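Engineer: fold the following for me, if possible:
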Amino acid sequence: MSNTETVPDQDALRQLGEQVRKRLAADPGVYRVDTDIAELFAVGDFLSQAECERLCAMVDQTARPSSLHEVDYDSGFRTSYSGDLDPADPFVMGIGRRIDDILGVDSSFGEAIQGQRYLPGQQFKPHNDWFYTTEKYWQGERKRGGQRSWTTMIFLNDVEKGGETHFTQIGIKIEPKPGVLLIWNNALPDGRPNEGTMHAGTPVIEGAKYIVTKWYRTRRWT
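Structural biologist: The predicted structure is shown next:
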């Protein structure tokens with residue numbers, strides 16, 4: 001830890017934040033959401049309808065009750081179904097590389113792409129994607145690649161009713177639209193975790209919601 005680092009991985013988070021921020025700013029296809037609370041971006045039509053449908057089928061094949069560090073599924077905090085997609089599948093690899101490229105981050109920093117499915121009544125209550133370094137699980141995550149830096153999430157289908165991604169501190173709800181990629185920095189520009197990235201998967205009321213998510217660490221993920 002350097003003299004300027006006051007929280008675990010702060011320097012790495014700051015440097016990676018600068019790197020990706022410049023990359024996204026130079027891409028005309030990336031839209032930045034107008035807020036000073038967090039760095040939140042969107043890319044329309046990142047995936048085709050056919051690609052979204054293929055991923056939905058993969059999510060169905062891998063879905064199991066979603067888990068959280070030290071939080072039981074029966075708690076009701078996260079009631080979706082999820083599962084990691086096969087990282088050796090050529091189609092999945094191709095999607096991952098496209099996400100890597102738009103961020104300009106080394107592929108080794110990225111976790112496996114996770115698929116998530118929400119049926120009526122299922123939700124993910126407000127949470128942050130970054131790790132709480134005072135918790136016991138942090139020592140294991142630090143060895144596996146460190147803090148989560150950037151989050152990328154792709155909507156795969158239209159939802160009949162509900163299922164918005166609600167950034168509670170920013171005060172916006174984003175309606176699922178097939179093929180749209182959301183990107184956000186989990187840290188502040190100085191590398192400290194950003195509380196403003198708190199978000200929730202609101203309950204699906206009618207239909208189903210499918211998404212895939214890929215998180216990036218501060219160094220090689222294992």
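
Engineer: most centrally placed residue in this protein?
Structural biologist: The residue lying closest to the centre of the chain (C-alpha atoms, centre = their mean) is residue 151, at 3.5 Å.

Engineer: with residue 158 as the reference, measure out to the residue nearest to that one when sequence neighbours are not counted.
Structural biologist: Spatially, and ignoring its direct neighbours in sequence, residue 151 is nearest to residue 129 (4.9 Å; C-beta to C-beta, 6 or more residues apart in numbering). Where C-beta positions appear, they are placed from N, C-alpha and C, glycine not excepted. Counting by C-beta to C-beta, to the nearest Å, the gap from residue 129 to residue 158 is 24 Å.

Engineer: one more: residue 199?
Structural biologist: According to C-beta to C-beta, residue 199 and residue 158 sit 20 Å apart.

Engineer: do residue 178 as well
Structural biologist: Counting by C-beta to C-beta - residue 178 and residue 158 are separated by 6 Å.

Engineer: settle it for me: which of the two has more neighbours?
Structural biologist: residue 178 (20 against 14; other C-beta atoms under 10 Å).

Engineer: tell me the contacts of that one?
Structural biologist: Neighbouring residues of residue 178 by C-beta atoms under 8 Å, 6 or more residues apart in numbering: 47, 49, 52, 155, 156, 157, 158.

Engineer: shaky segments in the chain?
Structural biologist: 1-5, 69-75 (pLDDT under 70).

Engineer: what about the helices in it?
Structural biologist: Remark: helices assigned in the chain by DSSP state H are 10-25, 49-62, 90-103, 138-144.

Engineer: quick one: which of those helices is nearest residue 169?
Structural biologist: helix 10-25 (17.9 Å; C-beta to C-beta).

Engineer: now the closest one: buried residues?
Structural biologist: 10, 11, 12, 13, 14, 16, 17, 20, 21, 24 (16 or more other C-beta atoms under 10 Å).

Engineer: how close does the closest residue to the last one other than its chain neighbours sit to residue 183?
Structural biologist: When the adjacent residues along the chain are set aside, residue 24 lies closest to residue 30, with 4.8 Å between them (C-beta to C-beta, 6+ apart). Taking C-beta to C-beta as the measure, residue 30 falls 8 Å from residue 183.

Engineer: all good on my end, thank you.
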